[in-house]
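>>> Predicted model and sequence below, questions to follow.
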Amino acid sequence: GAVVSQHPSWVICKSGTSVKIECRSLDFQATTMFWYRQFPKQSLMLMATSNEGSKATYEQGVEKDKFLINHASLTLSTLTVTSAHPEDSSFYICSATSGGSSYEQYFGPGTRLTVT
Amino acid sequence: TQLLEQSPQFLSIQEGENLTVYCNSSSVFSSLQWYRQEPGEGPVLLVTVVTGGEVKKLKRLTFQFGDARKDSSLHITAAQPGDTGLYLCAGVIVAAGNKLTFGGGTRVLVKP
């Protein structure tokens, strides 16, 4: 149980275009989903917290107009990188939690974005 | 400055040796989790500890949560090449909206 999928697993896009990444909880309902960014050989950096049916809460320094997050259902959240630039190239990982006392998060396999 | 400090940042050992990774903070966590991540993949949850002083074992891995719930350690006995990966500790502060705060990670390389 507790499987989270991401699509696509990797994507290459041209500078100036937008890219959408999907995060799905396959076997549980995710009350909250999180989006992280990870640079090579570094730890995960939280970008935003997304609750179903409400606006995402962005971490300091993360541009909400550039990284659009939609959490339309209890099993799906999307991250859209708008007007992508080469510096947006990174590994994007989502996680999902169903709540509970230990607040365990289950991570997707990640999406490698390369902007040329 | 990271809220959770992991040490060491990198560890290279021979197969069969033991290793310990530390995770320290000045903050109190309601729970702390350990993950292992392999290149190009998402982190995989290894264990969650919630009680101060708690010790959990997962085969050759032993996890300990400090009495004050500010620190944790991961000990691997008789490491194998399959243990190679990035080990991440992450703590939950309830007052911060249940967000996970990650340590900087420890890259472990077990050579055959």
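Structure received.
>>> alpha carbons only for contacts and neighbour counts from here, please
Noted.
>>> Please, where are all the strands along the chain?
By default, I'm working from chain A. Using DSSP state E, the strands of chain A run over A:4-7, A:10-13, A:19-25, A:32-38, A:44-51, A:57-58, A:67-73, A:76-81, A:90-97, A:106-107, A:111-115.
>>> not quite, I wanted chain B
Using DSSP E, strands in chain B cover B:5-7, B:10-14, B:19-24, B:31-37, B:44-49, B:55-58, B:61-65, B:71-76, B:85-92, B:100-102, B:106-111.
>>> which residues touch whatever residue of chain A ends up closest to chain B?
Across chain A, the shortest distance to chain B (CA to the nearest CA) belongs to residue A:109, at 4.1 Å. The neighbourhood of residue A:109, defined by CA atoms under 8 Å, 6 or more residues apart in numbering or on different chains, consists of A:4-6, A:9, A:93, B:40-43.
>>> which of the residues you listed has the most neighbours?
Greatest neighbour count in the contacts of residue A:109, by other CA atoms under 10 Å in any protein chain shown, goes to residue A:93: 28 neighbours.
>>> you'd agree that residue is up against residue A:107?
Yes: the pair residue A:93 / residue A:107 is scored as a contact, 7.0 Å apart, by CA atoms under 8 Å.
>>> Can you work out which residues contact both of those two?
The contact sets of residue A:93 and residue A:107 overlap at residue B:42 (CA under 8 Å, 6+ apart).
>>> nearest residue to residue A:12 other than its sequence neighbours?
In space, residue A:12 comes closest to residue A:114 once its chain neighbours are excluded; the distance is 4.7 Å by CA to CA, 6 or more residues apart in numbering or on different chains.
>>> List the residues that contact the spatially most central residue of chain A.
Centroid-nearest residue in chain A: residue A:35, 3.4 Å away (criterion: CA atoms, centre = their mean). Contacts for residue A:35 were tallied using CA under 8 Å, 6+ apart; they are A:46-50, A:79, A:92-95.
>>> What about chain B: which of the residues you listed touch it?
A:49, A:93 (CA under 8 Å from any CA of the partner chain).
>>> got a winner among the contacts of residue A:35 for most neighbours?
Neighbour max across the contacts of residue A:35 (other CA under 10 Å) = residue A:94, 31 neighbours.
>>> Most tightly packed of the strands of chain B?
Per residue and on average, the most neighbours among these fall to strand B:85-92, with a mean of 25 (mean count of other CA atoms under 10 Å in any protein chain shown).
>>> CA atoms only: put that one into PDB for me.
Only the C-alpha atoms of strand B:85-92 are listed here, as PDB (Å, rounded to 0.1, in the frame of the first residue of the first chain):
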ATOM      1  CA  GLY B  85      22.400   5.200  -1.300                       C
ATOM      2  CA  LEU B  86      21.400   8.600   0.100                       C
ATOM      3  CA  TYR B  87      20.000   8.400   3.600                       C
ATOM      4  CA  LEU B  88      17.800  11.200   4.700                       C
ATOM      5  CA  CYS B  89      16.300  12.000   8.100                       C
ATOM      6  CA  ALA B  90      13.300  14.200   8.200                       C
ATOM      7  CA  GLY B  91      11.400  15.600  11.200                       C
ATOM      8  CA  VAL B  92       7.800  16.700  11.700                       C
END
